[in-house]
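A.B. asks: One predicted model, sequence on top.
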Amino acid sequence: MAMLPDLPPLIAITGPTASGKSDLALRLCRAINGEIVTADSRQVYRLMDIGTDKPTPDQQALVPHHMIDMVFPDQTYTLALYQEDAFAAIESITRRGRIPVLAGGTPLYVNSVLEGWTIPRVEPDTALRLQLEEEADASGSQALHSRLAQLDPTAAGTILPTNTRRIIRALEVTLLTGRPISEQQGKQPPPYRTLSLLLECGREELYRRIDERVGRQVQGGLVDEVAHLHSLGYDFDLPSMSGLGYRQIGAYLQGTATLEEAVQRIKWDTHAFARHQANWFRRAHTAHKIDVASRDPYYEALEEAGALVAGATARYNVQYDPKQSEEREQ
């Protein structure tokens, strides 16, 4: 990794869901005087705690967390807003002499920060979105994807035909501005010395972790959480309520699935999502890969972060002592 001493450090911890990103970020931050900038598109919603596996109040008391509980479930929170708020949080952390640790599994969120995406600032058009959603319902997402391919083949080449939400957003920007969305996008890496840590886990082990977490969430009150959200007026067709766990439990509460079927569907859908995350992160950016099953990833992450953090010690008031950090964790 090229060292740029005049730039502040930024550490990123990415990888598929249930690979241990949150726990590793928490332990690492305690060792290097860091704060967590969450990159999770579901944890931005207030009142949605169990199904998003949001850090507990005790965890948040140990290490400051940013970018959670940003909006209510019926409010829009765009990628552009996330990027703007995340950069503001990173700047604030750095200014206070601490180390920002970007941690999360939403690929768009992570890469919008690490790669400095230029994101079109186009406000959502409710009427146009509804029209496009109706087209998708009537003809399928593939037909909508074909329409995007005619208007902007470059953008269509980067979006899966099954990703209706991204297809609609690309069409929305293109139709409202009269310019292909791909022409309005670009990349300018942010002014940080970045260390990316990618957690990897064998598929069988990852599925086991996912299934165990889903079981804990159900035992911890996921059904009651979803029912409470619906009782507050948050409809099941909201984007926030379409997330993993909420959509499937919603089907149970509406009588279209048994609880057993809903829980199994959460597990299977999360398996598929984890495969997508793993594929995205492998090809999206260069990172130091850590096999979470081979050893405790904390010590490998601490070793990788050591040079980055030590180089920032004088300027950013970081107190870094690997031996002391290891003793603290025992």
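C.D. replies: Yep, it's here.
A.B. asks: Leu259: neighbouring residues, count only.
C.D. replies: Number of residues near Leu259 (other C-beta atoms under 10 Å) recorded here: 13. Just so you know, the C-beta spots here come from the backbone N, C-alpha and C atoms, and that holds for glycine as well.
A.B. asks: which ones are touching the nearest residue to it once chain neighbours are set aside?
C.D. replies: Spatial nearest neighbour of Leu259, chain neighbours left out: Tyr252 (5.2 Å); criterion: C-beta to C-beta, 6 or more residues apart in numbering. Residues in contact with Tyr252 (C-beta atoms under 8 Å, 6 or more residues apart in numbering) are Val223, Thr258, Leu259, Glu261, Ala262.
A.B. asks: switch the cut-off to 10 Å
C.D. replies: Contacts for Tyr252 (C-beta atoms under 10 Å, 6 or more residues apart in numbering) come out as Val223, Val226, Ala227, Thr258, Leu259, Glu260, Glu261, Ala262, Val263, Arg265.
A.B. asks: Check which helix or strand the first one maps to.
C.D. replies: If you go by DSSP states H and E, Val223 is part of helix 222-231.
A.B. asks: ok, then the element right after that helix?
C.D. replies: Taking DSSP H and E, what comes next after helix 222-231 is helix 246-253.
A.B. asks: If we go by neighbour counts, what in that next one is buried?
C.D. replies: Buried residues in helix 246-253, counted by 16 or more other C-beta atoms under 10 Å: Tyr246, Arg247, Gln248, Ile249, Gly250, Ala251, Tyr252.
A.B. asks: so how far is that helix from its chain's centroid?
C.D. replies: Centre-to-centre, helix 246-253 and its host chain are 22 Å apart (C-alpha atoms, centre = their mean, to the nearest Å).
A.B. asks: Mind giving me the packing neighbours of the helix or strand following that helix?
C.D. replies: Under the assignment DSSP H and E, the closest C-terminal helix or strand after helix 246-253 is helix 259-284. The helices and strands touching helix 259-284, judged by 3 or more C-beta pairs under 10 Å, 6 or more residues apart in numbering; DSSP states H and E, are strand 9-14, helix 107-114, strand 193-200, helix 203-219, helix 222-231, helix 246-253.
A.B. asks: could you give me the average pLDDT of the fourth one?
C.D. replies: Model confidence over helix 203-219, given as mean pLDDT, is 97.
A.B. asks: which residues sit against that helix?
C.D. replies: Outside helix 203-219, the residues within contact range by C-beta under 10 Å, 6+ apart are 15-20, 49-53, 199-202, 222-223, 225, 244-245, 248-249, 259, 262-264, 266-271, 273-275, 278, 292-293.
A.B. asks: Separate out the buried members of those.
C.D. replies: 15-20, 49-53, 199-201, 222-223, 225, 244-245, 248-249, 262-263, 266-267, 269-271, 273-274, 278, 292.
A.B. asks: returning to what we had before: among the helices and strands packed on helix 259-284, which is the most enclosed?
C.D. replies: strand 9-14 (a mean of 26; mean count of other C-beta atoms under 10 Å).
A.B. asks: distance between the helix or strand following that strand and the chain's centre?
C.D. replies: Using DSSP H and E, the next helix or strand after strand 9-14 towards the C-terminus is helix 21-32. With C-alpha atoms, centre = their mean as the basis, helix 21-32 stands 17 Å off its chain's centre.
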